[in-house]
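Undergrad: Sequence isn't available, so here's the structure alone:
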């Protein structure tokens, strides 16, 4: 199975909330979004959210990829991967099929690393033996 990793550069970032800025509401986006300021509300996307070192997010995050360098007060659910940088702090649960945690990263909450369970298949039966399901 091919591993899917986020790739981006500064020119691909579609939205940016700079340090010192605050926003209350709901955020839906496509592409890469970087938050360095304060955001209150829920965030939903299939794509990549970068939470910078100076960011404070108060709300639930549901994205494809999350890179956490700041503080999140709320639950994070990712479709592909959650990465917590050395400066990251999460106060809430994280549910993700893949987790990368750097030395110094902090998390206060529950962690659920869940991969998709493959479909069950029946192996062929050899005469004189029992069949096996895996």
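TA: Nice, I can see it. Here the structure is a predicted model, which means the values were calculated and not measured.
Undergrad: any weak-confidence spans in the protein?
TA: Applying pLDDT under 70 to the chain flags the ranges 1-11, 13-14, 16, 116-134.
Undergrad: cutoff 80 now
TA: 1-18, 20, 114-134 (pLDDT under 80).
Undergrad: and the gap between residue 68 and residue 99?
TA: 11 Å (Cβ to Cβ, to the nearest Å). All C-beta atoms are positioned from the backbone trio N, CA, C, and that covers glycine.
Undergrad: Common neighbours of these two, please.
TA: By Cβ atoms under 8 Å, 6 or more residues apart in numbering, residue 68 and residue 99 have these common neighbours: 82, 83, 84.
Undergrad: ok, so of those, who is nearest residue 72?
TA: Nearest to residue 72 among the shared contacts of residue 68 and residue 99: residue 84, at 9.3 Å, using Cβ to Cβ.
Undergrad: which residues does that closest one contact?
TA: 68, 90, 99, 100, 101, 102, 105, 106, 107 are the contacts of residue 84 under Cβ under 8 Å, 6+ apart.
Undergrad: let's see 7 Å
TA: 68, 90, 101, 102, 105, 107 (Cβ atoms under 7 Å, 6 or more residues apart in numbering).
Undergrad: Need the max-distance pair from these.
TA: For the contacts of residue 84, and using Cβ to Cβ, no pair is farther apart than 90 and 102, which are 12.6 Å apart.
Undergrad: of the two, who's got more company?
TA: Neighbour totals were compared for residue 90 and residue 102, and residue 90 leads with 27 against 13 (other Cβ atoms under 10 Å).
Undergrad: Let me see the contact set for that one.
TA: 68, 72, 76, 84, 107, 109.
Undergrad: swap the cut-off to 10 Å and go again
TA: By Cβ atoms under 10 Å, 6 or more residues apart in numbering, the contact set of residue 90 is 51, 57, 61, 66, 68, 70-76, 82, 84, 101, 105-109, 111.
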